[in-house]
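Engineer: Generate coordinates for the sequence data below:
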Amino acid sequence: MNKKAVALFSGGLDSTLAIKLVLEQGVEVIGLHFVTPFCTCDKKGCGASTIKVAQQLGIKVKTISLTDEYFEIVKNPKFGYGANLNPCIDCRILILKKAKGFMNEIGASFLVTGEVLNQRPMSQRRNTLFLIEKEAGVEGIVLRPLSAKVLPPTIVELEGIVDRNKFLDIVGRSRKIQLSLVKEYGIEGYGCPSGGCLLTDPIFAKKMRDLIEHKPNFSLTDVNLLKIGRHFRINNNTKLIVGRDEKENNFLLNISQKEHFVFLPINTKGPVGLGDGEFSEEELYLCAKIIARYSNKISEGIKIKISKNGYIKELVCDSIITQQELDRLRI
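Structural biologist: The predicted structure is shown next:
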């Protein structure tokens, strides 16, 4: 084995510290940053903190985007979900498989992760860590510097490539030790101090379950739309998304495609609506009433313009939809 490693690098606290500990032992480290559509790290995106911290560590970073493969494990994870729709074990297996491929490509000998024993209830229990290694085909070559002293020695430790005694024995969810050490090292700008995945959020997970159930061949655009607006299930094949502010309204207008219906109030200010699917005349009117309900002036007589790929229609809402009906339709 050589002193060259690939480190799973989120740009967060734990992965940053794990890399620093390995660098101190003279190991050449290349960071591997994975991007999925479900990251919630920060407003600038995971990549912002990754680049900033990588510069401080003095390492190169490769970014891999996981979309279609990731969608498949979200739809049908072999090892099930966590508390919501998070397929944490299957996610980790996929990431380590990709990391192994990159490791072999660049001639590195082992992998480094910022995992901490028992920090995450689903994927970081002792037995689960080794199950994931086996499923990913990386048994014995995953070094976890933050918990190394409380885990069996890896091949890289047994062969003396790194000194096990210079690593840590952290167990559990507290990050006091990590925060103290990263401050001591003077590293700033790291993100995701406790991780961030939309699939762990109950509200987002409910929308995602609805999407999987009603549109199993969903696209990245469909997933991105779940992140904004109010969502209403009109029938099994149709859905309405209603913007909540000007930013979301503009996003819906910009992302709309020829297969979407666009709903706009005419005689009052109000939200943009995006309809996905084929709507009957009755369902178009129902959607128009929903748009009217969220307009500035909640009253009868609001006009809604409906357009789709050259089709244009105006409807006048002669009644107000009830809150009970809204709650029934809302995802």
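Engineer: list the helices and strands the longest helix along the chain packs on?
Structural biologist: Ranked by residue count under DSSP state H, the longest helix found in the chain is helix 88-106. If you count contacts as 3 or more C-beta pairs under 8 Å, 6 or more residues apart in numbering; DSSP states H and E, helix 88-106 packs onto strand 4-8, strand 28-35, strand 60-65, helix 68-75, strand 110-112, helix 126-136. From N, CA and C alone the C-beta is placed, and that goes for glycine too.
Engineer: Tell me which of these sits nearest to residue 308.
Structural biologist: helix 68-75 (26.4 Å; C-beta to C-beta).
Engineer: quick one: contacts of that closest one?
Structural biologist: With contacts defined as C-beta atoms under 8 Å, 6 or more residues apart in numbering, helix 68-75 is touched by 36-38, 85, 87, 90-91, 94, 199, 208, 212, 216, 218, 223.
Engineer: Please spell out the PyMOL selection for the buried subset of those.
Structural biologist: The command below creates a PyMOL selection of those among the contacts of helix 68-75 that count as buried (16 or more other C-beta atoms under 10 Å):
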select buried, resi 36+37+38+85+87+90+91+94+199+208+218+223
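Engineer: Going by distance to residue 51, which of the contacts of helix 68-75 wins?
Structural biologist: The nearest member of the contacts of helix 68-75 to residue 51, counting by C-beta to C-beta, is residue 36 at 17.8 Å.
Engineer: which regions of this structure sit below the pLDDT cut-off?
Structural biologist: 41-47, 192-195 (pLDDT under 70).
Engineer: For it, which segments count as strands?
Structural biologist: 4-8, 28-35, 60-65, 110-112, 142-143, 230-235, 238-242, 260-265, 273-276, 302-308, 311-317 (DSSP state E).
Engineer: gap between the residue lying closest to residue 50 once chain neighbours are set aside and residue 61?
Structural biologist: Closest residue in space to residue 50, ignoring its immediate chain neighbours: residue 11 at 3.3 Å, by C-beta to C-beta, 6 or more residues apart in numbering. Going from residue 11 to residue 61 by C-beta to C-beta, to the nearest Å gives 9 Å.
Engineer: Could you do residue 21 as well?
Structural biologist: Distance from residue 21 to residue 61, counting by C-beta to C-beta: 18 Å.
Engineer: Residue 175 too?
Structural biologist: Going from residue 175 to residue 61 by C-beta to C-beta gives 22 Å.
Engineer: coming back round to it: relative to strand 60-65, how tilted is the longest helix of the chain?
Structural biologist: Counting by axes from the mean of the first three to the mean of the last three C-alpha atoms, to 10 degrees, helix 88-106 lies at 130 degrees to strand 60-65.
Engineer: got the CA positions of helix 88-106 in PDB?
Structural biologist: C-alpha atoms of helix 88-106 as PDB (Å, rounded to 0.1, in the frame of the first residue of the first chain):
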ATOM      1  CA  CYS A  88     -28.900   6.200   4.300                       C
ATOM      2  CA  ILE A  89     -27.300   2.800   4.100                       C
ATOM      3  CA  ASP A  90     -27.900   2.400   0.300                       C
ATOM      4  CA  CYS A  91     -26.600   6.000  -0.100                       C
ATOM      5  CA  ARG A  92     -23.400   5.200   1.700                       C
ATOM      6  CA  ILE A  93     -22.900   2.000  -0.300                       C
ATOM      7  CA  LEU A  94     -23.300   3.900  -3.600                       C
ATOM      8  CA  ILE A  95     -20.900   6.600  -2.500                       C
ATOM      9  CA  LEU A  96     -18.200   4.100  -1.400                       C
ATOM     10  CA  LYS A  97     -18.500   2.200  -4.600                       C
ATOM     11  CA  LYS A  98     -17.900   5.400  -6.600                       C
ATOM     12  CA  ALA A  99     -15.000   6.300  -4.300                       C
ATOM     13  CA  LYS A 100     -13.400   2.900  -4.800                       C
ATOM     14  CA  GLY A 101     -13.600   3.400  -8.600                       C
ATOM     15  CA  PHE A 102     -11.900   6.800  -8.300                       C
ATOM     16  CA  MET A 103      -9.300   5.400  -5.800                       C
ATOM     17  CA  ASN A 104      -8.300   2.700  -8.300                       C
ATOM     18  CA  GLU A 105      -8.300   5.200 -11.200                       C
ATOM     19  CA  ILE A 106      -5.700   7.500  -9.500                       C
END
